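A.B. asks: test case, fold it:
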Amino acid sequence: MSYCSYFQAIITKKDTWFFVATLRGNEHIAFDRSYDKEVGMFEFFVPQENEEKFIALMKQYEQIGILANLEKLPNRLMTEEF
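C.D. replies: You can find the predicted model right below:
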């Protein structure tokens, strides 16, 4: 079984609607969801074949001030069984 790459980042609250809309306009690049609403933390599950495209898009969001602290982490849904 193959797991997606896992990322977390902070999205500015006032730009969340724009971020989500434009990210979802890039079909199948990543599955996103809010992880911690209080700080604007989102998590992303990215198919490994889309990782370069995803990172390039996140850098664009970072340059315009919508995204901060993008971090690749171990996939939190993986268990020792797999």
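A.B. asks: just the pLDDT for residue 77.
C.D. replies: If you check residue 77, the pLDDT there is 81.
A.B. asks: so how far is residue 47 from it?
C.D. replies: 14 Å (CB to CB, to the nearest Å). From N, CA and C alone the C-beta is placed, and that goes for glycine too.
A.B. asks: so for these two, which sits in the more crowded spot?
C.D. replies: residue 47 (16 against 11; other CB atoms under 10 Å).
A.B. asks: these two touch, right, the more buried one and residue 3?
C.D. replies: No. The criterion here is CB atoms under 8 Å, and residue 47 misses it with residue 3 at 9.8 Å.
A.B. asks: assign a three-state SS to the spatially most central residue of the chain, would you?
C.D. replies: The centroid of the chain falls nearest to residue 44 when counting by CA atoms, centre = their mean (3.3 Å). Under the three-state scheme (DSSP: H, G, I helix; E, B strand; the rest coil), residue 44 adopts strand.
A.B. asks: list the contacts of it.
C.D. replies: 6, 7, 8, 9, 30, 31, 32, 54 (CB atoms under 8 Å, 6 or more residues apart in numbering).
A.B. asks: the residues you listed in helices, which ones?
C.D. replies: If you go by DSSP state H, the contacts of residue 44 have residue 54 in helices.
A.B. asks: show the buried residues in the contacts of residue 44.
C.D. replies: Buried by 16 or more other CB atoms under 10 Å: 6, 7, 8, 9, 30, 32, 54, out of the contacts of residue 44.
A.B. asks: and which of the contacts of residue 44 is nearest to residue 19?
C.D. replies: residue 32 (8.5 Å; CB to CB).
A.B. asks: that closest one touches residue 20, doesn't it?
C.D. replies: Yes. Counting by CB under 8 Å, residue 20 is a contact partner of residue 32 at 6.8 Å.
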